[in-house]
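Participant: This is the structure alone, sequence omitted:
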């Protein structure tokens, strides 16, 4: 204990962590009238972190190849120690994250927090909801089960209802006329890198904006 | 004249025990939480049983032939099994010179090292090149026509 304290003291002398921590954490007072529902956004971010870590663990064994994807997920669930737990947490976490983001959005809408000066908070939030949904959707295909195959099939069908460009979007998203190994590779890239990277960037922006305007104080 | 200003009673000492108990409780909860999160993660990173290298290697004797060496990986070493007068012999394939894995030449019945030209006869004894020591013999057992490296 004394060792940790002296290490912290040494670092603090040089880089002054304490005022930073006090300003942002230990002495940052939140409005008294704020309820627990104000945590929903932060909880979404927390679940996102869980997804990042469990996802990184699953990536050790997962193989984005139509011939091996299902086997690799089955291997994780039945052979890797605690693999079933990590896989379940990642799958349930995705649903949790969507639920939390939507609950967060409902609270903002109910209390009309989207009003000036927080319009861009709302718009970036809607984009974050969209990205969260897309990330979950692309992840759903990865185990390459019948359910995920048809889920992706139906999901990519949706933009087909759009006039003129609909069919092209469907073909683009599927990397061809139907769900195939190419779709799996595309969804994999989207799920593990592209969408999370955009998500992180937008989350940073979202949080920075809240820091600038301050949290909305209820009466 | 006496000083009649009432003195405040001495403050009782702070009950440090309760404070310590609270700290201990919070610390305990932190440790339990870290354990519940950390244990599955560390367990997940362990090598699954099915991926661990085989403890022992078993080779049926009929797979061995007089002119070709049978190579098997065992405990991280390349093991060569050859037949000498119908009797199996197992050698660690690493050349005692600098550790290159030797090759079996069935025509001359010698192990030849591709790195520096060392050569060994079918007993593992050095016959040429920059070596003085023989190839390391590897122990094995034969039971019911199956050779087992242990």
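Facilitator: Alright, I've got the coordinates. Note that the structure is predicted; figures quoted are calculated from it, not measured. Numbering: from 1, shown residues only, chains lettered A, B, ... in the order given.
Participant: All the helices of chain B, residue numbers only.
Facilitator: B:16-45 (DSSP state H).
Participant: Quick check: residues of chain A near chain B?
Facilitator: A:53, A:57, A:60, A:75, A:79-83, A:85-86 (CB under 8 Å from any CB of the partner chain). All C-beta atoms are positioned from the backbone trio N, CA, C, and that covers glycine.
Participant: since we're on the closest residue to residue A:50 other than its chain neighbours, how many residues are nearby?
Facilitator: In space, and not counting its chain neighbours, residue A:50 is closest to residue A:93: 5.2 Å by CB to CB, 6 or more residues apart in numbering or on different chains. Using other CB atoms under 10 Å in any protein chain shown, residue A:93 has 20 neighbouring residues.
Participant: now the strands: where do they sit in chain A?
Facilitator: Read by DSSP state E, chain A holds no strands at all.
Participant: Tell me where the model's unsure across it.
Facilitator: A:219 (pLDDT under 70).
Participant: Contacts only, for the residue nearest the centre of chain B.
Facilitator: Chain B has residue B:75 as the residue nearest its centroid, 7.1 Å off, counting by CA atoms, centre = their mean. Listed by CB atoms under 8 Å, 6 or more residues apart in numbering or on different chains, the contact partners of residue B:75 are residue B:53.
Participant: picking that back up, narrow the residues of chain A next to chain B to those that are buried.
Facilitator: A:57, A:75, A:80-83, A:85-86 (16 or more other CB atoms under 10 Å in any protein chain shown).
Participant: For chain B, what lies in contact range of chain A?
Facilitator: Counting by CB under 8 Å from any CB, chain B sits next to chain A at B:39-41, B:43-46, B:48-51.
Participant: quick one, the longest helix along chain A and helix B:16-45 angle?
Facilitator: Scanning chain A for the longest helix, with DSSP H as the assignment, gives helix A:83-110. Relative orientation of helix A:83-110 and helix B:16-45, computed by axes from the mean of the first three to the mean of the last three CA atoms, to 10 degrees: 120 degrees.
Participant: ok, the closest residue to residue A:96 other than its chain neighbours to residue A:54 distance?
Facilitator: In space, and not counting its chain neighbours, residue A:96 is closest to residue A:47: 5.3 Å by CB to CB, 6+ apart. Applying CB to CB, to the nearest Å, the value for residue A:47 to residue A:54 is 10 Å.
Participant: One more: residue B:64?
Facilitator: 48 Å.
Participant: now do residue B:123
Facilitator: Taken as CB to CB, the span from residue B:123 to residue A:54 is 56 Å.
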